[in-house]
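> structure for the following, please:
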Amino acid sequence: MKISTEPIGSVPRSQKLLDAMQKNAAGELSDTDFNNILIDETKLVIHKFHDTGSTIITDGEQCKPSFVTYPLHGLKNLSNDGAVIPFADGHTRQLPKLVSGPFKYNNYAAQYLNFAKQITNSPLKQAVISASAISLIYPAEGIADYPREQFIADLINEAERDIRMCLEAGAANVQIDFTEARLALKLDPSGGVLNAFIDLNNQVIDRFSDADKKRIGVHSCPGGDHDSTHSADIDYADLLPSLFNLHATNFYLEFAAEEDKIHVLELIRKNIKPNQKVFIGVTNVISPKIETPEEVRDTILLAAEFIPVEQLGTTDDCGFSPFADDRSTAQDIAFAKIAARIEGTKMAEAIMNLPHASN
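Sure, this is the predicted structure:
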């Protein structure tokens, strides 16, 4: 049996790329010149992924404005006064608000996948945003002539299309980013919001065949941004029993930053279903310290005491830059952590006499 290892998705953008994004948005840089910079920066990131020995890579989300708002970028029926997400260090992020219907995505994740396929033949993983996250843009006061029920029906169609286009374009895996899961429990400790989110996301996942579901995963974490989080104070004991009710096959969980790892591993062992696989985070993306391969190895060996090896994989705790303007982690540090994850996973396999995963 092998231990699969995969990145979450984003890596920090260069200042050159961020400057180009701003100038293009302001009309000071042509689309052609901007596209050339995107190609160059994505090539650099993909080459760095190759250098780490990663067998499954991403484009580092270099072309996305953020992991959550990419489908909305450019839509005209939004205002800027949507839900506010507070983080532990005091900074906030604000979602847009839908002001009229009908609702459709303006961008689909497959466009980023197809862009990266022009650069590499390596297996590519593609992240998409959850339907539950996008559901937060519908205003509490409602929209005249566009009831919430119709919005949710349109949203489910669009979320399905976002995933299906990636699968049809040849994504090795499609990862649904569900970082609002823990946040839902912070906003509503009763679990009502979380369970509504899980029901909504299952309505999307259930539209896929069993074969497709084997290529669909869910990422959950306490929401890393600018080296802070929005919901790390929520105990996994309140989340995991519900999270593993999602009908996905693969689960990518923040783990390296958890203080009580035994507690989390016991919860995973208790709640994971036989057909599910959990990729535990072995690198802490909000810490500047670069884990050694030996530390990664020891984390995996500990996890293997609680999780069957055939259901265990490794990943990073989160993307290294889910929002394009987050440069709190240097790109070189991000890739050093990814390299440590790859090497540490190989070392754990060697101890367990496992051939390295080809994914």
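> where does the prediction get shaky in the stretch 51-200 of the chain?
Counting by pLDDT under 70, the stretch 51-200 of the chain has no low-confidence residues at all.
> now the strands for the stretch 251-359 of the chain?
277-281, 312-315 (DSSP state E, counting those that start in this stretch).
> quick one: these as TSV, columns for mean pLDDT too.
Formatted as TSV, those follow (pLDDT from 0 to 100):
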stretch	mean pLDDT
strand 277-281	98
strand 312-315	98
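> return the most buried member of the ones you listed.
The highest average neighbour count among those, using mean count of other C-beta atoms under 10 Å, belongs to strand 312-315 at a mean of 26. From N, CA and C alone the C-beta is placed, and that goes for glycine too.
> C-alpha coordinates for that strand, CSV please?
Listed next in CSV are the C-alpha coordinates belonging to strand 312-315 (Å, rounded to 0.1, in the frame of the first residue of the first chain):
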residue,chain,number,x,y,z
LEU,A,312,-4.1,7.7,4.8
GLY,A,313,-2.4,10.4,2.7
THR,A,314,-0.5,13.6,3.3
THR,A,315,-1.0,17.2,2.3
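> what sits against the residue lying closest to Lys48 once chain neighbours are set aside?
Residue nearest to Lys48 in three dimensions, not counting chain neighbours: Phe335, with 5.0 Å by C-beta to C-beta, 6 or more residues apart in numbering. Contact partners of Phe335, counting by C-beta atoms under 8 Å, 6 or more residues apart in numbering, are Val11, Lys48, Phe49, Asp51, Thr52.
> and if you look at Ala340?
Per C-beta under 8 Å, 6+ apart, neighbours of Ala340: Thr283, Ile290, Glu291, Thr292, Pro293, Glu295, Val296.
> tell me the buried residues in stretch 295-306?
Glu295, Val296, Arg297, Asp298, Thr299, Ile300, Ala303, Ala304, Phe306 (16 or more other C-beta atoms under 10 Å).
> against Asn121, how distant is the second one?
In this structure, Val296 and Asn121 are 27 Å apart, going by C-beta to C-beta, to the nearest Å.
> where exactly do the helices run in the stretch 1-150 of the chain?
Counting by DSSP state H, counting those that start in this stretch, one finds helices in the stretch 1-150 of the chain at the ranges 15-25, 31-51, 110-117, 131-134, 148-168.
> give me the buried entries from the contacts of Ala340.
Counted by 16+ other C-beta under 10 Å, the contacts of Ala340 give Thr283, Ile290, Glu291, Pro293, Glu295, Val296 as buried.
> could you dump these into CSV with distance to Ile143 added?
Putting these into CSV (distance: C-beta to C-beta, whole Å) gives the following:
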residue, distance to Ile143
Thr283, 42
Ile290, 48
Glu291, 47
Pro293, 52
Glu295, 50
Val296, 48
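> which one of the residues you listed is nearest Lys261?
Top of the list for closeness to Lys261, among the buried ones among the contacts of Ala340 and by C-beta to C-beta, is Glu295 at 12.1 Å.
> picking up where we left off before, now distance to Asp199 too, for the strands of the stretch 251-359 of the chain, in a markdown table please.
A markdown table is the format used below for the strands of the stretch 251-359 of the chain (distance: least, C-beta to C-beta, whole Å):
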| stretch | distance to Asp199 |
| --- | --- |
| strand 277-281 | 21 |
| strand 312-315 | 26 |
